[in-house]
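**Q** Kindly generate the corresponding structure for this input.
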Amino acid sequence: MATHRILVLDDDMDTCLNLRDVLQVMGDYQVDIAPDGASALDLMNAGHSYGAAIFDLKLPKLDGIQVYEAAMRSGSAVPTILVSAYTNSDTQKRAYDAGLFRVISKPVSMDQLLLSLIAAIETADKN
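**A** Numbering: from 1, shown residues only. Okay, the predicted model is just below:
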């Protein structure tokens, strides 16, 4: 598998580091970490070529959906998986209406996340 660059956005640094470690070992991914929406947008707008992104929903200032919408407006959006403990039908509708690739409930199954990530990257590779 070719190495793909993934952006992980979560304000919980332990979650970011754990995801990075798992993705690097299990999927041979290069992982960048952003602790907040502004940092994620800076990385995305800096011209990094991301194969996909994983965003938490609940963040300070901008939530994960708002970050994705801002990336769409700037032309830097990539297939993005939203993870959240708050995945009710309103959140899912809002996420899919914004164009997010997939919504996954916490606690996250790593198998489900990896399969979703592979599908997101395949979608990006086709475009």
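**Q** Tell me if Gly55 really is in a helix.
**A** Let me fix one detail, which is that residue 55 is Phe and not Gly. No. Secondary structure of Phe55 (DSSP: H, G, I helix; E, B strand; the rest coil): strand, not part of a helix.
**Q** ok, it touching Leu82?
**A** Yes. In terms of Cβ atoms under 8 Å, Phe55 counts as a neighbour of Leu82; the distance is 5.4 Å. Glycine gets a C-beta too; all of them are placed from N, C-alpha and C.
**Q** Overlap in contacts, those two.
**A** Both Phe55 and Leu82 are contacted by Gly64, Ile65, Tyr68, Leu100, under the criterion Cβ atoms under 8 Å, 6 or more residues apart in numbering.
**Q** Identify the bridge partners of the closest residue to the first one other than its chain neighbours.
**A** Using Cβ to Cβ, 6 or more residues apart in numbering and skipping the chain neighbours, the partner closest in space to Gly64 is Phe55 (3.6 Å). Partner residues in beta bridges with Phe55: Leu9, Leu82, with DSSP bridges as the criterion.
**Q** what helix or strand is Leu23 on?
**A** Using DSSP states H and E, Leu23 sits within helix 13-27.
**Q** Return the list of helices and strands in contact with that helix.
**A** Using 3 or more Cβ pairs under 8 Å, 6 or more residues apart in numbering; DSSP states H and E, the elements in contact with helix 13-27 are strand 5-9, strand 30-34, helix 110-126.
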